[in-house]
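Here is a sequence together with a model predicted from it:
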Amino acid sequence: MNIIGYLAAALTTFSFLPQALQVIKTKDTRGINLTMYVMFVVGVFCWTIYGIYLKDVAIILANAVTLLFSSVVLGYKWRYR
């Protein structure tokens with residue numbers, strides 16, 4: 001069953017990569033809701049801290065990478081709003 005967890009973590013984590021690349025390329029963030037992304041980034045940050053607390057590498061890695069990708073999108077949204 002661990003394989004399902006790792007697959008889920010990989011898919012949900014890397015699902016943010018295409019959005020981040022598109023935003024970097026186009027600098028178009030009109031379709032992105034700022035409030036939602038702020039809430040999401042804070043939530044993923046909290047998950048990362050929780051993973052560190054639990055010493056759970058899967059939680060830490062999945063959320064740290066998601067935090068990176070979503071923070072890039074949030075940074076562009078903030079800058080180009």
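Structure received.

for stretch 16-34, which positions count as buried?
Neighbour counts over stretch 16-34 (16 or more other CB atoms under 10 Å) mark 16, 19-20, 23, 29, 32 as buried. Where C-beta positions appear, they are placed from N, C-alpha and C, glycine not excepted.

Any chance of TSV for the residues you listed, columns pLDDT, distance to Thr48 and secondary structure?
As requested, these are exported to TSV (pLDDT from 0 to 100; distance: CB to CB, whole Å; DSSP: H, G, I helix; E, B strand; the rest coil):
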residue	pLDDT	distance to Thr48	secondary structure
Phe16	89	14	helix
Gln19	92	19	helix
Ala20	92	17	helix
Val23	94	21	helix
Thr29	93	23	coil
Ile32	92	21	coil
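
which one among the residues you listed gets closest to Ala10?
Phe16 (11.7 Å; CB to CB).

Please enumerate the helices of the chain.
2-14, 16-26, 34-54, 57-79 (DSSP state H).

which other helices and strands contact the second one?
Under the contact definition 3 or more CB pairs under 8 Å, 6 or more residues apart in numbering; DSSP states H and E, helix 16-26 sits against helix 57-79.
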